[in-house]
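Chemist: Structural data only, the sequence is not supplied:
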């Protein structure tokens, strides 16, 4: 089978972890690992692994556009807004790992098939990938849900400079996605960084204000959607709930990563990257059928 | 009298912000107006207002505010003539578009941009934005007992480089003893080019003593609350601190009689009960857990039938930071098993 030719732009934590996952994939081939600095930690790792590397950033893609099927953009929200225009002109499919909110938002457990038809697909945020399946189950089973809130904590060691500079974009993109996938009028996202050593696992809590909760229906729906997420993120697990406490539905999930680039605690990297790989592999399978 | 024993100390009155933790963020506009008027008359230089965790923090996670940020800020703005108004801003809760821009438009004077004590680089954009808009900006390092003095200095220097005009060290858990304050504030005061401030909690009855240790180590700013109205066991007691500083010859510019009357008003109008160092608060301070966790820990511990002291020690062992209130349920659930 012919592998899908993928370029990763952005050599930080997200980009490098994506590379590890692509190297393992039977459907994908990394034909370029590109950034702006040949000396970054991720770039050094890619060079060791004999992956074609370049510091020409987006220009590498313009120069080699006929040899590229798809680009995973792991730079920053600001950079992706510029890259998206270039990629669209080149006719190359973009999967956006930043919270730039350019393309159609995708959570594979909910929208795997639809997402493939768009030129630009947004993987939302790590907190979005962790919380939206839960929020979706709540909105599907409960009446009169008007407000959903999602609170994530990630280990400081897993948050690189782009993540730290993009907290506002993280918040707005996560909130927009919660509203889109659940239909609630109001959503709120909060993110905390915790520097504890040993590093803490990524966790996300979902809260919803509900008057008369149907916990049995919710439990069933959560079981179904959790299995679906676990099919592409093996370390995804509900550790609290569903509970009804202080007038709120509370569900907490823990995400243990696969330990590809950063150790297992960095479930935040893993969940958004696993979601992207699930999507891109599906695309590769469909493309090879054609 | 020499210049040195008339050293000026700038007081930030945190009653209406930190005190909001003590009443589950239910301070109402009438209370805000009445307190602001009194504190303004007492010549309090800076009055801090808002939800306990600052702008944009009204939430199911921390507690929903009685009044919206906009109503809180506008009420305070209309109630003060001379005092400056300050707000607490934690990136991750507060955003530039939704929270900082309206606060600037309403007329907040001082933005205190905060992060956990090791995460100063998340404050760069928010600090720069406020400075670019001509506002006063202080950097705030929360839960500072969790970092050693050299790390705190590095983080404070980052805030200074981003444009913070002062850096405030918070003992958010009420964990410090005076020697800890001397060691940390002393190093920062010697090495920063901007003034250093200190924010105390009273879990181990060190609120005023630690504040004094801070000024004696070079701090030029102090946070305090009327009747110590604040999260957990409360803050340094404002009216006591003003009296002590006056006796020692420091200048706060605050009118002693009027601040005593302001504190009386706070007791009559704001407090549900006088802040006290409850047995659970002592454990909270020892465990080094954010003081604002007191009410939710008490509630959840009682719901799960577990000992709130065990919950606090376990939260401390897990090194939870401010904003991680959801972990309380997880810990209570595990203790129950």
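Modeler: That came through, no problem. The structure presented is a predicted model; accordingly, all values stated were derived computationally and were not measured.
Chemist: What is the burial count for residue 94?
Modeler: All of this is about chain A. Close neighbours of residue A:94, defined as other C-beta atoms under 10 Å in any protein chain shown, add up to 25. For every residue, glycine as well, the C-beta is placed using N, CA and C.
Chemist: wait, I meant chain B there
Modeler: Close neighbours of residue B:94, defined as other C-beta under 10 Å, add up to 28.
Chemist: Could you spell out which stretches of chain B belong to which domain?
Modeler: Domain ranges of chain B: B:7-269, B:279-336, per automatic domain parsing.
Chemist: a markdown table for the ones you listed, including mean pLDDT and distance to residue A:57?
Modeler: Listed next are those as a markdown table, based on pLDDT from 0 to 100; distance: least, C-beta to C-beta, whole Å:
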| stretch | mean pLDDT | distance to residue A:57 |
| --- | --- | --- |
| domain B:7-269 | 97 | 22 |
| domain B:279-336 | 96 | 35 |
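Chemist: In TSV, list the ones you listed along with distance to residue A:1.
Modeler: Formatted as TSV, the domains of chain B follow (distance: least, C-beta to C-beta, whole Å):
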stretch	distance to residue A:1
domain B:7-269	44
domain B:279-336	44
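Chemist: Let me have the ones you listed in a markdown table, adding distance to chain A as columns.
Modeler: As requested, the domains of chain B are exported to a markdown table (distance: least, C-beta to the nearest C-beta, whole Å):
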| stretch | distance to chain A |
| --- | --- |
| domain B:7-269 | 4 |
| domain B:279-336 | 4 |
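Chemist: Which helix runs longest in chain A?
Modeler: Looking across chain A with DSSP state H, the single longest helix is helix A:267-289.
Chemist: Give me the neighbour count for the nearest residue to residue B:95 once chain neighbours are set aside.
Modeler: Spatial nearest neighbour of residue B:95, excluding adjacent residues (C-beta to C-beta, 6 or more residues apart in numbering or on different chains): residue A:168 at 4.3 Å. Neighbourhood size, residue A:168 [other C-beta under 10 Å]: 22.
Chemist: Just confirm residue A:168 is within a strand.
Modeler: No. Per DSSP: H, G, I helix; E, B strand; the rest coil, residue A:168 lies outside any strand segment and is helix.
Chemist: any idea how far it lies from residue B:325?
Modeler: 22 Å (C-beta to C-beta, to the nearest Å).
Chemist: Could you do residue B:186 as well?
Modeler: Distance, residue B:186 to residue B:325, using C-beta to C-beta: 33 Å.
Chemist: So which bits of the stretch 1-150 of chain A are right by chain B?
Modeler: Counting by C-beta under 8 Å from any C-beta of the partner chain, the stretch 1-150 of chain A comes close to chain B at A:147, A:149.
Chemist: the strands in the chain, which residues?
Modeler: Went with chain A since none was named. Remark: strands assigned in chain A by DSSP state E are A:4-9, A:28-34, A:53-54, A:70-73, A:93-96, A:104-105, A:120-122, A:147-155, A:186-194, A:202-209, A:236-245, A:248-255.
Chemist: please go with chain B instead
Modeler: Per DSSP E, chain B carries strands over the ranges B:10-14, B:46-49, B:84-89, B:110-116, B:136-142, B:167-170, B:196-199, B:221-224.
Chemist: Turn those into CSV, columns for distance to residue A:69 and mean neighbour count.
Modeler: Listed next are these as CSV, based on distance: least, C-beta to C-beta, whole Å; neighbours: other C-beta atoms under 10 Å in any protein chain shown:
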stretch, distance to residue A:69, mean neighbour count
strand B:10-14, 57, 26
strand B:46-49, 55, 25
strand B:84-89, 44, 24
strand B:110-116, 41, 28
strand B:136-142, 46, 26
strand B:167-170, 50, 26
strand B:196-199, 55, 28
strand B:221-224, 57, 28
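Chemist: could the ones you listed be laid out in TSV, adding distance to residue A:10?
Modeler: Shown next, in TSV, are the strands of chain B (distance: least, C-beta to C-beta, whole Å):
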stretch	distance to residue A:10
strand B:10-14	41
strand B:46-49	40
strand B:84-89	29
strand B:110-116	24
strand B:136-142	29
strand B:167-170	32
strand B:196-199	38
strand B:221-224	41
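Chemist: Indicate which one of these is closest to residue A:44.
Modeler: Nearest to residue A:44 among the strands of chain B is strand B:110-116 (29.8 Å), distances taken as C-beta to C-beta.
Chemist: For the residue nearest to residue B:88 when sequence neighbours are not counted, grab phi and psi.
Modeler: Distances taken as C-beta to C-beta, 6+ apart put residue B:54 closest to residue B:88, at 3.2 Å, once the chain neighbours are dropped. The phi/psi pair for residue B:54 (degrees, to the nearest 10) reads phi 90, psi -170.
Chemist: Can you get me a residue count around the residue of the stretch 1-150 of chain A found nearest chain B?
Modeler: Going by C-beta to the nearest C-beta, chain B is nearest to residue A:149 of the stretch 1-150 of chain A, at 4.9 Å. If you count neighbours by other C-beta under 10 Å, residue A:149 ends up with 24.
Chemist: So it sits against residue A:179, correct?
Modeler: No. Contact status for residue A:149 versus residue A:179: not in contact, 12.0 Å apart, counting by C-beta atoms under 8 Å.
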